[in-house]
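Enquirer: Predicted model and sequence below, questions to follow.
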Amino acid sequence: MAPTAAEHQHHGHDHTRKAVGLAARDASGHLSPLAITRRSTGDDDVAIKILYCGICHSDLHSIKNDWKNSRYPMIPGHEIAGEVTEVGKNVSKFKAGDRVGVGCMVNSCQSCESCGKGFENHCPGMIFTYNSVDVDGTVTYGGYSSMVVVHERFVVRFPDAIPLDKGAPLLCAGITVYSPMKYHGLNVPGLHLGVLGLGGLGHVAVKFGKAFGMKVTVVSSTPGKKEEALERLGADTFVVSKDAYQMKAAMSTMDGIINTVSANIPMTPLFGLLKPNGKMVMVGLPEKPIEVPPFALVATNKTLAGSCIGGMSDTQEMLDLAAKHGVTADIEVVGAEYVNTAIERLGKGDVRYRFVIDIGNTLDKAAAAATE
């Protein structure tokens, strides 16, 4: 039997459902099976059997306590795809057997101005899918687990056209790039979009850019990604950010840039790529503050903005648009027993472009093997 988490947190009375997850016990980030409990299905809840969960770069930061806010044991994972097993009596949108997803949030206050406008992602009381304190005082456990119980507002439906494994990463990576494109007008046919960084977020940004009918240029420090950017992902052009000649040739050509890079890189040359009135939207989280010379913004009316995931109605809208245009993530499916190797490879950028854990077929086996 896998060790249990009961001693680590006080459970509400209704945390009676047995489940198993892959947990980090400390900042080494090493993941191993842990027996946990989930709450019983409340009146507004949806119980979900998890089939797939994407491995997001923030999972890596979280398990290693890079952001200095980690609570252990931690079960990461916020790109969850699975099927409904049970719904509470007030739930009208879902029924048993539905193909559904859960992204970065599992609850919010549901009464503030942001929640009222459909931006639950801006709610001061937002509860993250993992490493967050839930309303009942328990710590949330994420999608590297066998099942989860979530308020129906935070569950989205997968259109039939989207396979669950390739669709799972859209719940974080997809909405993270879709939302800023929508709200900053970077979704207009014929505009020129720059995508900085070609990883889990960047490759999906390229696909949405093309779905919106835009001209898309990938800006990357890795020349070796040129062929796949142009041929596999459908980008129009590719600029090597370290090549001064290529950067100069691309100056003042872009209407907007989605910056997915989570490393500290020089910003001035990047602002140079934007046309007057151009916008750069940051969705990556570099560890140190970024340096922006005022002239880079002021001289030609440029905007630097940030964006964090998106609200629930936008997340559903994003999935529906993805289905219509055939947008899914490029993935490498791995078994639960391989998760530590996958995390290690992700740290080195050795994945095209998202690992997805086959929870449904491999988690129970990995948990059983760990206890033999």
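Expert: Perfect, I can see it now.

Enquirer: S313 in helix, strand or coil?
Expert: Secondary structure, DSSP: H, G, I helix; E, B strand; the rest coil: S313 is helix.

Enquirer: how many other residues sit next to it?
Expert: 14 (other C-beta atoms under 10 Å). Using the backbone N, CA and C atoms, a C-beta is placed for each residue, glycine as well.

Enquirer: again, but for K324
Expert: K324, neighbours per other C-beta under 10 Å, totals 11.

Enquirer: Over to the one 4 residues further on?
Expert: Applying other C-beta under 10 Å, we find 20 other residues in the vicinity of T328.

Enquirer: With D236 instead?
Expert: There are 16 residues near D236, going by other C-beta under 10 Å.

Enquirer: Go ahead and confirm it touches K215.
Expert: Yes - in this structure D236 lies within contact range of K215 using C-beta atoms under 8 Å: 5.1 Å.

Enquirer: Any stretches of the chain with poor pLDDT?
Expert: Applying pLDDT under 70 to the chain flags the ranges 1-13, 372.

Enquirer: Surely D66 touches E287?
Expert: Yes - contact status for D66 versus E287: in contact at 7.1 Å, counting by C-beta under 8 Å.

Enquirer: neighbour count winner among those two?
Expert: D66 (15 against 10).

Enquirer: got the contact list for the more buried one?
Expert: Under the criterion of C-beta atoms under 8 Å, 6 or more residues apart in numbering, the contact list for D66 reads 60, 287.

Enquirer: Likewise for G200?
Expert: Counted by C-beta under 8 Å, 6+ apart, G200 has contacts 54, 56-57, 169, 173, 329, 351, 353-354.

Enquirer: In helices, which of these appear?
Expert: Among the contacts of G200, the ones falling in helices (DSSP state H) are 57, 173.

Enquirer: Could you dump the contacts of G200 into JSON lines with distance to S108 and neighbour count added?
Expert: What follows is the contacts of G200, written out as JSON lines (distance: C-beta to C-beta, whole Å; neighbours: other C-beta atoms under 10 Å):
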{"residue": "G54", "distance to S108": "22", "neighbour count": "29"}
{"residue": "C56", "distance to S108": "20", "neighbour count": "28"}
{"residue": "H57", "distance to S108": "23", "neighbour count": "20"}
{"residue": "P169", "distance to S108": "22", "neighbour count": "28"}
{"residue": "A173", "distance to S108": "21", "neighbour count": "28"}
{"residue": "A329", "distance to S108": "26", "neighbour count": "24"}
{"residue": "V351", "distance to S108": "31", "neighbour count": "18"}
{"residue": "Y353", "distance to S108": "29", "neighbour count": "23"}
{"residue": "R354", "distance to S108": "26", "neighbour count": "28"}
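
Enquirer: ok, which pair from the contacts of G200 is furthest apart?
Expert: Greatest spatial distance among these (C-beta to C-beta): H57 and A329, at 13.2 Å.

Enquirer: Can you give me the distance of the residue nearest to the spatial centre of the chain to L34?
Expert: Centroid-nearest residue in the chain: C172, 2.2 Å away (criterion: C-alpha atoms, centre = their mean). As judged by C-beta to C-beta, to the nearest Å, C172 and L34 stand 22 Å apart.

Enquirer: do G234 as well
Expert: As judged by C-beta to C-beta, G234 and L34 stand 41 Å apart.

Enquirer: Those two - which one has more neighbours?
Expert: L34 (25 against 13).

Enquirer: Hmm, that one is touching V20, no?
Expert: Yes - with contact defined as C-beta under 8 Å, L34 counts as touching V20 (7.0 Å).

Enquirer: And the residue nearest to V281 when sequence neighbours are not counted, how far from G311?
Expert: Leaving out its chain neighbours, the residue that sits closest to V281 by C-beta to C-beta, 6 or more residues apart in numbering is P180, at 4.2 Å. The gap separating P180 from G311 is 13 Å, by C-beta to C-beta.

Enquirer: higher neighbour count, the two?
Expert: Set side by side, P180 and G311 show more neighbours around P180, with 25 against 21, by other C-beta under 10 Å.

Enquirer: so who does that one touch?
Expert: Listed by C-beta under 8 Å, 6+ apart, the contact partners of P180 are 186, 258, 281, 283, 305, 307.

Enquirer: Look at the fourth one and say how many residues are nearby.
Expert: Using other C-beta under 10 Å, the number of residues around V283 comes to 24.

Enquirer: and if you look at the first one?
Expert: Using other C-beta under 10 Å, L186 is surrounded by 26 other residues.

Enquirer: Done for today, thanks.
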